[in-house]
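K.L.:
what shape does this take:
(2 chains)
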Amino acid sequence: MALTTFNPRSFDLSDTYAFTGTVSGTNVGGGSLVKISEQTASASSSISFTSGIDSTYRTYYFKFINMHPSNDGVLFQMNGSTDGGSNYNTTKTTTCFQAFHNEADTQAVLQYATGGDLAQSTAYQLISTEIGNDNDQSTSGELWLFNPSSTTYVKHFMSRFQCYYFNDNSTDIYIAGYLNTTSSVNAIDFKFSGGNIDEGTITMYGIA
Amino acid sequence: MALSRLKADSLNLADNFTFTGDVTGEAVGALNLLQTQTASSSASISFTTGIDSTYDEYWFIFNNIHPATNDTYFKFQGSTNGGSSYGVTITTTNFIAEHSEAGTSPALSYNAGDDLAQSTDFQTLCRRVGGENDESCSGILKLYNPSSTTYVKHFISDFNLYQSQNFSLRSLTAGYFNTTSAINGINFKFSSGNIDDGTIQMFGVTQ
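P.N.:
Below is the predicted model:
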């Protein structure tokens, strides 16, 4: 039979122990950034989070590491769902601005990017722009989603991504806006505008 | 005497273990929730405890800060006397990106009306927040090393808001409390009217 308890004084709790497994309980009073799930792309058409987005947390934080497209010059996009992922088509109004600088050092620009925003549209919202698909190219960044389970307020979100643009420039792109619905948003989908997500990791955290 | 080791193969550390107790230790690199305040027709919300030398970095996370008055400004100030007064000298920048629901007026602009230069006024974090039922602002504010008695106190914020004329507006503010006294209180309020609803959480960030 597996042990369920240890004798008193058998462990020195002031020591440091390295656990390589997963702590699945809830942290109280320490460690409020709680990892909910992580997905790694492998020639994936999209990556969806259809569980874990609920009233447990007020704030959700997504971290994206080296999202690498199969196609060259494609947009990395997101959309929300109010039906658990059956449809991704929430109405959105958003802003988009970016700074970029090319490797040839001939362009250095800060601009509002009118092609990257949405006005009451159900289309996917780009969160990173025209990423290259050379072996060393990808995009990384973060996305904040506020109170998705509210049935009173629209759902604010903000993102910032760094992108290795297909024409060899460095792009720092900022997207923000709201999912203009008072229904709960309970799923999020990420995909490229063409082709697959060849590689990359998305981690979803809740902030308790 | 406490055991210092376990017998080989007695525990498989590659397994997943479910701890049903509370984890009370402090995780390195983690956010540590210090306080949550929920507005309910509140004139302002103040954090007057917990801002000290325990952490070098504090995060405030705002969810659905909703004004009683339409078209008002969400602002903040700091205190060096535990909240008895809020009037630290501030110099800041503010720029915004905005876009209307009608698809008009997309713009990125420096917002000279909402920056401060050596002023003791409250600093705007969000301008012209809408007061309709589904309108609010949400975002984050990071405050660095508030207990330093050597350096001024830097802060940066990033908010998205439902603006009163039906724009999505992103507001980015940064600056410093120009004092070498410790900052030990922070106050948030609208420029007029109450904070009807919304939650502000204060976290310490373990380095």
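K.L.:
A:G115 belongs to a helix, doesn't it?
P.N.:
Yes. Looking at A:G115 with DSSP: H, G, I helix; E, B strand; the rest coil, it is inside a helix.
K.L.:
for it, give me its contacts.
P.N.:
Residues touching A:G115, when contacts are defined by CB atoms under 8 Å, 6 or more residues apart in numbering or on different chains, comprise A:C96. In short, each C-beta sits where N, CA and C put it, glycine included.
K.L.:
swap in B:G139?
P.N.:
Counting by CB under 8 Å, 6+ apart, B:G139 touches A:146, A:156, A:158, B:61-62, B:125-126, B:157-161, B:171.
K.L.:
out of those, which are buried?
P.N.:
If you count burial by 16 or more other CB atoms under 10 Å in any protein chain shown, the buried members of the contacts of B:G139 come out as A:146, A:156, A:158, B:61-62, B:125-126, B:157-161, B:171.
K.L.:
can I get the contacts of B:G139 in TSV including distance to A:T139 and pLDDT?
P.N.:
Below are the contacts of B:G139 laid out as TSV (distance: CB to CB, whole Å; pLDDT from 0 to 100):
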residue	distance to A:T139	pLDDT
A:F146	23	98
A:H156	22	98
A:M158	16	98
B:I61	25	98
B:F62	27	98
B:L125	28	98
B:C126	28	98
B:S157	24	97
B:D158	19	98
B:F159	24	98
B:N160	21	98
B:L161	26	98
B:S171	24	98
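K.L.:
residues touching residue 44, list them.
P.N.:
In the absence of a named chain, chain A is used. Contacts here follow CB under 8 Å, 6+ apart; on that basis A:S44 touches A:N196, A:I197.
K.L.:
wrong chain, I was asking about chain B
P.N.:
B:N187, B:F188, B:K189, B:I195.
K.L.:
what's the burial count for the second one?
P.N.:
Residue neighbour count, defined by other CB atoms under 10 Å in any protein chain shown, stands at 25 for B:F188.
K.L.:
that one and B:N63: what is the separation?
P.N.:
Summarising the geometry, the distance separating B:F188 from B:N63, computed by CB to CB, to the nearest Å, is 13 Å.
K.L.:
any common contacting residues for the two?
P.N.:
Common contact partners of B:F188 and B:N63 (CB under 8 Å, 6+ apart): B:I200.
K.L.:
do I have it right that A:G177 meets A:G80?
P.N.:
No. Taking contacts as CB atoms under 8 Å, A:G177 lies outside contact range of A:G80: 10.9 Å.
K.L.:
next, show the common contact partners of the two.
P.N.:
By CB under 8 Å, 6+ apart, A:G177 and A:G80 have these common neighbours: A:K92.
K.L.:
where are the low-confidence patches of chain B?
P.N.:
In the predicted model of chain B, residues B:1-29 satisfy pLDDT under 70.
K.L.:
what about the helices in it?
P.N.:
With helices called from DSSP state H, chain B shows none.
K.L.:
could you give the bridge partners of the residue most central in space within chain A?
P.N.:
Centre of chain A computed as the mean C-alpha position; nearest residue by CA atoms, centre = their mean is A:F62, 3.5 Å away. Taking DSSP bridges, one obtains A:L143, A:M204 as the residues bridged to A:F62.
K.L.:
and it, what is it in contact with?
P.N.:
Going by CB under 8 Å, 6+ apart, the list of residues near A:F62 reads A:E142, A:L143, A:W144, A:L145, A:I188, A:I202, A:T203, A:M204, A:Y205.
K.L.:
same check, this time on A:Y153
P.N.:
For A:Y153, the set of contacting residues under the criterion of CB under 8 Å, 6+ apart consists of A:N147, A:T182, B:N64, B:H66, B:D134, B:E135, B:S136.
K.L.:
buried among these? Make that a ChimeraX selection.
P.N.:
Command for ChimeraX, covering only those of the contacts of A:Y153 found buried under the criterion 16+ other CB under 10 Å:
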select /A:147 /B:64,66,134,135,136
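K.L.:
closest to B:A43 out of the contacts of A:Y153?
P.N.:
B:H66 (14.3 Å; CB to CB).
K.L.:
list the contacts for that closest one?
P.N.:
Residues in contact with B:H66 (CB under 8 Å, 6+ apart) are A:Y153, B:A39, B:G131, B:E135, B:S136, B:I195, B:D196, B:D197, B:G198.
K.L.:
excluding its backbone neighbours, what's nearest the first one?
P.N.:
Take A:Y153 and drop its neighbours on the chain: the residue closest to it by CB to CB, 6 or more residues apart in numbering or on different chains is B:N64, 4.6 Å away.
K.L.:
thank you kindly, that will do.
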